[in-house]
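Visitor: Sequence and computational prediction follow.
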2 protein chains.
Amino acid sequence: MTQIADINKIQEERLGHKIYLELKKKLIVGELMPGEGLSIRKVAEEYKVSAMPVREALRQLAIEQALISAAKKAYRVPDLTAGQAADLFFVRSILEGAAAEIATANATKADFKLLEKLIVGMNKYWQAKDAKSFLFTNYQFHSHITSLSSNSALQAMIDGIYLRTGPWLAHGITELVDLDAWKADHSGIVNALRARDAKTVRRLVEEDAYWGVSIYSAIDNT
Amino acid sequence: MTQIADINKIQEERLGHKIYLELKKKLIVGELMPGEGLSIRKVAEEYKVSAMPVREALRQLAIEQALISAAKKAYRVPDLTAGQAADLFFVRSILEGAAAEIATANATKADFKLLEKLIVGMNKYWQAKDAKSFLFTNYQFHSHITSLSSNSALQAMIDGIYLRTGPWLAHGITELVDLDAWKADHSGIVNALRARDAKTVRRLVEEDAYWGVSIYSAIDNT
DNA sequence: CCAGCGTATCTGTGATCACAGTTATGTAAT
DNA sequence: ATTACATAACTGTGATCACAGATACGCTGG
């Protein structure tokens, strides 16, 4: 526990990791659109650092498939095909479902409270048509449940998937899809958690992972 | 398809990626032991390149959790606790089981032939007590089945787990456990594949992911 | 007005240096 | 002989430069 905390502390002190976290949030939230280019020198100037830490951050994102990197060509946000996105959501449903099933036994009253607070937030941002805040709160909701599995390897992998599908979702939400058509009711998940009904939790979480796909499935079948 | 091929080709041309692949294989095969340190300058000298590509390779491995990185301290191979290893094998069983279930429908006669050839190889290396070759062949066997799922995201994640458990397994095999106590019969998997029995394939693959844990469970319960 | 081409500017990559913090070493004092 | 301490050798990190390949732009010719 303290070991992990130390590692995080150290990572926060590394310049490249700070840049990485900044860009990561932008990707999850949809502040960077599919196809958009990222240049080492430009980003370096933006954050007032040298090229070295930025170079490291972009490479890390490329390793995590959150950016595309071709030789001597600018890094850019991937433009996922519907098939690639479906693959990712499939993996997420498997992993997040398993994580949620384990989490059911570990959730405390404080967790229920926090999750319900996040649901309120999501509804608020939904009404306000604030896609960015909505997506981030949605991410926090799922991320918290996953963390209750206390399997850090599992959590990290799920996290990586949100990173990759973030721009894709944001693009769909802000440009292609009517928000009202989207069902994203998480209260059923919290209810099942309260009832300690692990199987139902797993099923609901698995199903929820598929609304991302449904955004495009009606529009794009490539 | 050609896009992916191009990317791979480019990656092969990048110096840092070559170093990465070299070290990756060493980790999977167990040529690098838990706790062992890796220095940028030492590795650079070993491969006759500058520090820059090595630095990139080590950082990538650290990102993939295949190496531990603390500030201003040497990179080193993680020494997993039994709990951490169990977490990884748990995730692997979920992912690899799902992948194998999908793969069942896609496997061709050529695949059966290749898999059986790999089994023969494993038995040979087993007899010869060649742990390194045995582990690599085992990896190839599982990796091939996973690839038949044609879900590259899924495959990459499973690959990452082998990378992280490799040194741990090798350490157990070469130093702690009697080889004869280890059951690792993969012929049942191939038979189920031939019978197109997806559920059985999934179950067998899931079960197989647990022999790694059993190596230590009898020895170390921390 | 448009196509073709050369050039100028952009891109990531590799190499090298400076620096600060860590680890190891060897010496001196008890 | 053992402990304490200074110092030397190591570590990763950040910055900067050189270079080659990719891209974009503008010019020149039709």
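Guide: Cool, the structure landed.

Visitor: Buried residues, stretch A:32-46. List them.
Guide: Judged by neighbour count using 16 or more other CB atoms under 10 Å in any protein chain shown, the buried positions of stretch A:32-46 are A:32, A:34, A:38, A:40, A:43, A:44. Every C-beta, even on glycine, is put in place using the N, C-alpha and C of the backbone.

Visitor: Do me a favour and get the end-to-end distance for it?
Guide: 15 Å (CA to CA, to the nearest Å).

Visitor: List the contacts of residue A:13.
Guide: residue B:71 (CB atoms under 8 Å, 6 or more residues apart in numbering or on different chains).

Visitor: residues from chain A in reach of DNA strand C?
Guide: Residues of chain A found near DNA strand C (CB under 7 Å from any atom of the strand) are A:38-42, A:51, A:55, A:58-59, A:69, A:71-75.

Visitor: Can you flag which of the buried residues of stretch A:32-46 belong to strands?
Guide: residue A:38 (DSSP state E).

Visitor: And the furthest pair within the buried residues of stretch A:32-46?
Guide: A:34 and A:44 (23.0 Å; CB to CB).

Visitor: circling back to that earlier point, for the buried residues of stretch A:32-46, which one is nearest residue B:83?
Guide: When the buried residues of stretch A:32-46 are compared against residue B:83 (criterion: CB to CB), the nearest one is residue A:32, at 36.7 Å.

Visitor: Contact partners for the closest one?
Guide: A:23, A:26, A:38, A:77, A:167 are the contacts of residue A:32 under CB under 8 Å, 6+ apart.

Visitor: Quick check: it vs DNA strand C, distance?
Guide: Per CB to the nearest atom of the strand, to the nearest Å, residue A:32 is found 14 Å from DNA strand C.

Visitor: Over to residue A:100?
Guide: 37 Å.

Visitor: That residue contacts residue A:202, doesn't it?
Guide: Yes. Counting by CB atoms under 8 Å, residue A:100 touches residue A:202, with 5.6 Å between them.

Visitor: out of these two, which sits in the busier spot?
Guide: Neighbour totals were compared for residue A:100 and residue A:202, and residue A:100 leads with 27 against 21 (other CB atoms under 10 Å in any protein chain shown).

Visitor: Please name the nearest non-neighbouring residue to the residue in chain A that DNA strand C sits nearest to.
Guide: Nearest to DNA strand C in chain A, going by CB to the nearest atom of the strand, is residue A:39, at a distance of 2.8 Å. Once flanking residues are discounted, residue A:39 sits nearest to residue A:74: 5.5 Å by CB to CB, 6 or more residues apart in numbering or on different chains.

Visitor: Help me confirm that the one you found comes into contact with residue A:41.
Guide: No. The criterion here is CB under 8 Å, and residue A:74 misses it with residue A:41 at 10.3 Å.

Visitor: and the helix or strand harbouring residue A:86 with helix B:82-106, angle?
Guide: Taking DSSP states H and E as the criterion, residue A:86 maps to helix A:82-106. Calculated by axes from the mean of the first three to the mean of the last three CA atoms, to 10 degrees, helix A:82-106 forms an angle of 140 degrees with helix B:82-106.

Visitor: in chain A, which spans are helices?
Guide: Remark: helices assigned in chain A by DSSP state H are A:2-13, A:15-29, A:40-46, A:51-63, A:82-106, A:109-127, A:131-147, A:152-171, A:187-194, A:198-208, A:211-217.

Visitor: Got the phi and psi for the spatially closest residue to residue A:171 that is not a sequence neighbour?
Guide: The spatial neighbour of residue A:171 that comes closest, neighbours along the chain excluded (CB to CB, 6+ apart), is residue A:34 at 5.4 Å. Dihedral pair for residue A:34: phi -50, psi 130, per degrees, to the nearest 10.

Visitor: Tell me the pLDDT of residue A:34.
Guide: pLDDT for residue A:34: 91.

Visitor: Contacts only, for it.
Guide: Contacts of residue A:34 by CB under 8 Å, 6+ apart are A:77, A:78, A:79, A:80, A:167, A:168, A:171.

Visitor: Residue A:55 too?
Guide: Residue A:55 sits next to A:16, A:40 when contact means CB under 8 Å, 6+ apart.

Visitor: got it, and residue A:92?
Guide: Residue A:92 neighbours (CB under 8 Å, 6+ apart): A:158, A:161, A:162, A:165, A:209.

Visitor: Tell me which residue is most central in chain A.
Guide: Nearest to the mean C-alpha position of chain A, counting by CA atoms, centre = their mean, stands residue A:162 at 2.6 Å.

Visitor: which residues does that one contact?
Guide: A:28, A:92, A:139, A:142, A:143 are the contacts of residue A:162 under CB under 8 Å, 6+ apart.

Visitor: cool, and residue A:190?
Guide: A:112, A:115, A:116, A:119.

Visitor: Thanks a lot, catch you later.
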